Each structure stands twice: as structure tokens, then as C-alpha cells.
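[1] What shape does this take:
(2 chains)
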Amino acid sequence: MGILCGGIISEMAIKTEPFILNMGPQHPSTHGVFRMRVTLDGEVVVDVEPVVGYLHRGIEKLAEGRTYTQNIPFTDRLDYLASMTNNLAYVLAVEKLAGIEVPERAEYLRIIMAEMMRISSHLMAVGFFLNDLGAMMTPVLYMWREREKLLDLFEMVCGQRLTYNYMRIGGVSHDIPEEFLPALKRFVVEMPGFIDEYDQLLAQNEIVLARSKGVGVLPEEMAINIAASGPVLRASGVKWDIRRSDPYSIYDRFDFDIPVGSAGDCYDRYWVRVQEMRQSVRILEQAIPQLPEGEVCVKVPHLLRPPAGEVYGRIEAPKGELGFYLVSDNSIAPYRFRIRPPTLINLTALRDMVRGWKVADLIITFGSIDVCLGEIDR
Amino acid sequence: MTLLEQFRLWLGGIWPGWEWAAYIVPAIVGIVVVLGFVLTMVIVFIYFERRLLGRFQIRLGPNRLGPEGIFQPLATAVKVLLKEDIVPSRADKLVHWLAPVIVFAPILLIFAVVPFGEGAIFADLNVGIIYVVAISSVSAVGIYMAGWGSSNKYALIAALRTVAQMVSYELPVVLSILGVVLMVGSLSMNQIVDSQNIPFILLQPLGFIIFFLAALAEMNRCPFDLLEADSEIVAGYHIEYSGMKFALFYLGEYGHAVAYSAIIATLFLGGWQGPLLPPILWLLIKIVAVFFVIVWMRSTLPRLRVDQLMGFAWKALLPMAVINLFVVAAEVLWLPEGLPWVMMVVNFALAGVLILLWSKLFVLGGGRVEV
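    Modelled structure (predicted):
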């Protein structure tokens, strides 16, 4: 009887074949031109195969034919949502290679710009994460309202809103205009209240919690094994922030906490970013009164010839560890220019994170990694 | 003798044996009036929603074309009509062509039984509300056809979601309507309005909430807009439609919103009843008020996942609707007539307790499947 029933039931069970869905490169939620070949069993994701390279411009090769200074604008085009930090990572690597000291005021300006950029990038990340969750554009537009203030500040400093080209080898390109600091102070005062308001509205939303808690878990061990970095790594419970672990510039002078998640799910990644915005505001609060007077850039020859050798400079970019590996042969152009893109390496865990979840979870897990295709494809 | 009777006799006098033709004239008038009403309301709703979304999203919304941008929906309509009609080469042509019609037509039919005022109803069916439920579920077939006939994988996913979602949410809709029907003792829309000296939202708060949420799912509105989840399956079932066919889906979507707003207004908000203003205006005010809440939710809430959506229907709405139905039945049976206050207090308490209970016990979770 049991055998008979079992036979009937197994015959009656609906058998369906998995099918392949080609998501992207034209898809509203792939944050650019990312493509995923998703194998679906109904709604369930069986397999994901990321296909990258639709935005490949060959920056690494192009950079080998240009001087060290000419390469700075290229770095703007990597992670275009965090151009300032890309500038910073590159010039820090070159300065390390050439042994250049940066004036005090320039160091502070760099930190201020980097932290503003972090807030701006995280605003976009959490806004679009909620957009992926289905909160149609509203959170994004509220994020944009705040980001707009930051873009106005950047425009004051260097005349650009997206690709800044502000950092220079040996300092920064211009000093800040006099209206900059009052505007920044106003922003620093307003921002925590905004984050609170926003947190209250969304972090306690039942649907946000139900959709993102426990979804797309990246275990601590796997996060370390794939060399994840940035908020993705910290959400998995690893207290690793290059600003603390391997301090560069003058980060050792500031007092800030490193928010660490516990579960490594989408909600934790979102939460870590919100907390990091608070910490960035804290750093700004400390940096503004300490800002010294003086030069903003030392004299560096236009055709800089660093001594032959190699260097790896890394910083904590908003999306993770951004590194530049430069090899110099004592000529005016780098012999090798290699970028360590944080999001490409964070993305390698995507398949393990989403297998067995639904299509909707694939989208939000991908959104919670916060990728930028300019950086992945280079 | 009504005007129609006189007309019939007069027609019989001229052409003997052609009396039945008299019924065609009011039918055509009725069709034109309903179509005009629905299309006008859809245009008003599109404008209203865009402006409201603009306000909710700290931007202005359309404000260029005409005073305060009131001609923007018309411009959209013209744009959509002028688009090329593209049919995918591997589509099931007939199904692809028929789907928009099947989605849109039932919405016009629903308005046949919506009372616009004292006796102002096109067909006072004695099974009015059952007719509404039956007709409105035909749209699901159209959406399924669109998803299947498009030969697109996103559309196919949307089609399968449609079947699951529509079938699941029919049940809470019907069960919460039954509560109203029990109190009225009739299925006729006219009598439902007539017996609402106190709007049923006050007598049956839980029934209203369940009906409202399930209606949101039936009309694919946020947070249940999984059929066209643009961040997941791009545009869902109408991804392969353009031109007039797409316009019909668009009309269908907003027409659904108008229809369900009208039904909610009729069932729970007292329909056309209201002091001072003419009945039709009261009905419009109530429809727009309901729609405002729908837009508000759309601009605020994220979307549920498909398994959570089903769980919500079967594990939360359905049991609550059943409990509500039993309690209302008991009240109708045992409470003496003319004691609405007791019923109001009991039902508000019931709604509070049940919602609290479910918010503690029912978890939206859902989870991972081993693959």
C-alpha cells in the first residue's frame, strides 16, 4: 500500500524543468550593464552566472600610456559614485611610490572629501537597495535630496558634480572657497536628524524586515575566504576597516567606531551602511574645527619620474578595499597599473548567497552588495 | 408608465413587431455613459496619481502641459496611441491580441451595477455583488493570456504569479463581502447602499481592512504589485506590449483602481449617501479618497515576495475573514435590531484583538529552498 501510494504521489508531483533567464545587461535593477544568466526552477534561483565586461574601457592598459598626473581623471571613471575616494587611493599610491610628503591642510581636505563621498555613495546604495525592494523611487528621491547637498559642496570645491579630478599628487588641486565650510557645517548639523528620520521610517518597516532579514546570508568564514571587504565584510561580523587596521593619511587622529553586523544578511549590509554614514558625520565634525591653514599642494614635477619599484596602496573606499598596484620603471608613465576593485571581489559570493532563494531575493541581494559597473569592468 | 415603456409602445406603433428595438437605445446610451465615465475617471486618476506621487517624492510632478499640468495624461494617451504596435515574432498572435481586450472589458461591466445615486444604476441585479466578484476575476485570465502569449520569460513568471495571486486573494475578498451581505440580507448593490445609515466601515472595520488589502492585491497595487514588479521582472505581463494594446493594459490597471475604489465606497463607505452635496459627487469624493490611500501606500511601501504574498493571503487574511464572518453572523442572529452601537464596539474590539494577535503570531518570513 505504502509503495503504491508513494508511486502515485511521486507520479502526481508536478515535475518542472529549470529554465534559463537572461537578466541584463538591460534591466532596471542591475545597476548598470551587469548581466546574470539565472537558472530558475519556477521562482527559485538554482544557479547564477554573472557576466561582466559590458562597460570595459581598458583603463588599466590606457593608464600605461599616460603620465602619473594624467591618470587621475581615469580613476574618476572607475566607481563613478565615489570618484573622490578613487582619486585619493591613486594619489596615495603614487605618493607612496615617489615618497612625497603632503601638506597638513591637504590631508584634512582629503579626509573631508573622502568622508563626504562615503556618505554620498552610501546614500545611493541604501536608496537603490530600497528601490530594489520595490519602494518605488520614494526612498531614492529622499536620498537624492541629501546627496544633492553634497554634490553642491563638491561643485563649490572643484566645479564638477560627478567626476571631480580634485586630488593631485602632493595635495589637492585648489583650496576650498570661503562659502564651503559654512555650507558643510550646516550639512553636518542636519544630516544626523535626517538619518534618524529615515531610520525610523524604513528600518522598522515590517515589509523591509521581512524581505531583508536572513536573506542572502554571507557567512563570516566565506566572507573572509573570498576576500570581501567594506560593508559587505563588516555586515558578516568581521571588524575590518582599513582606516583602523592599516591607517593611511591622518585617520589615526579621529575618533570613530566601526559598525559591525552579525548575521551577514541583506538587512545587516543595509544597517552597516546607515551606521557608517553616522560615523562619517562624526569624522567630519572632528575634522572641520581642526582644519589648519597653509598650502594645499606641494610642488611636484609635471613629468613625475618615481624611482623604479612597485607599490600597493589601499584605502577603505565606500564599497570596500580599493587598491592600486603600481610598477614604476623610472619613466613618466607607470609600467603596470593594476586596480583592485572592491565590488568585483565582493560580487564573487553572489551565487552562494542567492542559491535557493527567489528571484526577488536575487535582486535585493545583488543590490545590497552595492556594485558599480564602472569599477567592475574598468 | 416609464419613459422606456412609452418609447416601446411608440416604436411598436410605427413598426409593428419591432418593439424590442426600444431596448437597444438605452443599452447604447448606457455603454456610452459608462465608457465615458470610466475613461474620464482614468484620466483624472492618472493625473491625480502623478501629482500625488510627485508630492510624496518631494518633487513637483507634471506641471508643464496646461495649467498645473492637467493635459499631461492626454499627452500620454496621444503618445501611446502613436507608438508602433510590435508583436514578438514567436508570440501566440491570437492570445497576444485578445489579452488586452479581456483585461479591459470586465472593468466596464463592473460599472453596470455601481449605484451612482438614488435609483441611478444601470442594472439593479439581485445578485449585484456576486456579479462584481465574478466579472472582476475574468481580468486574471486576460493577464495570464498576456503573460503566456508574449513568449517572454519575464512575462511568463508574471503570468504564473497572476494565477497564484488572483486565486488566493479572491477568497478573502468574497468572505469579507459576505459579512456585508449578511447584515444587509441582500446581494443587490442598491439595497447595500440603502441599508447603510451608518457606513459599514464603522460596523465592520475588520471586514473593511481585509477587503481593502485583498482588493489591493486584486488590482496589482503596491505592496502586492508582483505582477509588474519593475525591479524584478521589469514590467511583468505587459513587457511585450506597445501602442494601443499597452494603452488598454494601462486603462485596465487604472480602471481596476476606479472600479475597486467605487466598490469599496459602495460597500463600506455608504456609497452615494451623504448630506448636502448631490449623490454622484459624494460617490466621486469617496472614490477619490480611497484612491488617495492607495497612492499613499504605493509611494511608501516596498513589495512583498511571492511566497510571503501567498502566506499573507492564506495564513493571515483568510482565517481573519472567516472569524469575522462568524462573529458577524452571530451578531446578526442574536443581537436585537437597532443596536448598532453594541455591534460597533464589539467589532472594533475584535478587529484590534485579531490584528494584534496576528501581528505577534504571524511572521512574514518565508525562506530558502534547498536546491
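[2] Could you find the closest non-adjacent residue to the closest residue to chain A within the stretch 201-350 of chain B?
    The minimum distance from the stretch 201-350 of chain B to chain A, using CB to the nearest CB, falls at residue B:303 (2.7 Å). Any C-beta I mention is one placed from the backbone N, CA and C, and that applies to glycine too. Setting aside the residues directly before and after it, residue B:303 is nearest to residue A:134 in space (CB to CB, 6 or more residues apart in numbering or on different chains), at 2.7 Å.
[3] And for residue A:214?
    Ranked by CB to CB, 6+ apart and with sequence neighbours excluded, the top spatial neighbour of residue A:214 is residue A:265, at 5.2 Å.
[4] shaky segments in chain A?
    Applying pLDDT under 70 to chain A flags residues A:1-15.
[5] Return the residues of it in contact with chain B.
    A:19, A:21-22, A:27-29, A:40-46, A:130-138, A:141-142, A:145, A:205-208, A:210-211, A:214, A:355-361, A:363 (CB under 8 Å from any CB of the partner chain).
[6] Only the buried subset of the residues you listed, as a ChimeraX command please.
    Typed into ChimeraX, the line below selects the buried ones among the residues of chain A next to chain B, using 16 or more other CB atoms under 10 Å in any protein chain shown:
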select /A:21,27,29,40,42,43,44,45,46,130,131,132,133,134,135,136,137,138,141,142,205,207,208,210,211,214,355,357,358,359,360,361,363
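[7] circling back to that earlier point, next up, the contacts around the residue of the stretch 201-350 of chain B closest to chain A.
    A:133-135, A:207, A:211, A:360, B:222-226, B:229, B:231 (CB atoms under 8 Å, 6 or more residues apart in numbering or on different chains).
[8] which residues does the closest residue to chain A within the stretch 1-150 of chain B contact?
    Proximity of the stretch 1-150 of chain B to chain A (CB to the nearest CB) peaks at residue B:57, 4.4 Å away. Neighbouring residues of residue B:57 by CB under 8 Å, 6+ apart: A:137-138, A:141-142, B:299.
[9] Quick check, pLDDT for it.
    pLDDT for residue B:57: 86.
[10] The helix or strand of chain B with the lowest mean pLDDT: how far from the chain's middle?
    Sorting the helices and strands of chain B by mean pLDDT, DSSP states H and E puts helix B:3-14 at the bottom, at a mean of 77. Relative to the chain's own centre, helix B:3-14 is displaced by 38 Å; criterion: CA atoms, centre = their mean, to the nearest Å.
[11] Report all helices and strands that that helix contacts.
    For helix B:3-14, not one helix or strand is in contact under the criterion 3 or more CB pairs under 8 Å, 6 or more residues apart in numbering or on different chains; DSSP states H and E.
[12] Go through that helix and flag the buried ones.
    By 16+ other CB under 10 Å, the buried positions in helix B:3-14 come out as B:7-8, B:11.
[13] And for stretch B:112-127?
    B:112-117, B:121-122, B:125.
[14] Equivalent analysis for stretch B:294-312, please.
    Buried, per 16+ other CB under 10 Å, within stretch B:294-312: B:294-295, B:297-312.
[15] So for it, mean pLDDT?
    The model assigns stretch B:294-312 a mean pLDDT of 85.
[16] Between the two ends of that stretch, what distance do you get?
    For stretch B:294-312, the first-to-last residue distance is 18 Å (CA to CA, to the nearest Å).
[17] and that stretch, how far out from the chain's middle?
    17 Å.
[18] list the contacts for the most centrally placed residue in chain B?
    For chain B, the residue nearest the mean C-alpha position is residue B:260 (2.4 Å; CA atoms, centre = their mean). Going by CB under 8 Å, 6+ apart, residue B:260 touches B:136, B:215, B:218-219, B:290.
[19] And the helices in the stretch 151-300 of chain A, which stretches?
    Assigned by DSSP state H, counting those that start in this stretch, the helices in the stretch 151-300 of chain A fall at A:180-202, A:206-212, A:220-225, A:231-235, A:242-245, A:266-290.
[20] can you tell me which of the buried residues of stretch B:112-127 lies nearest to residue B:276?
    Checking the buried residues of stretch B:112-127 against residue B:276 by CB to CB gives residue B:117 as the nearest, at 14.1 Å.
[21] Now do the contacts for the closest one.
    Residues near residue B:117 by CB under 8 Å, 6+ apart: B:272, B:278-280, B:283.
[22] and it, what are its bridge partners?
    Beta-bridge partners recorded for residue B:117 (DSSP bridges): residue B:120.
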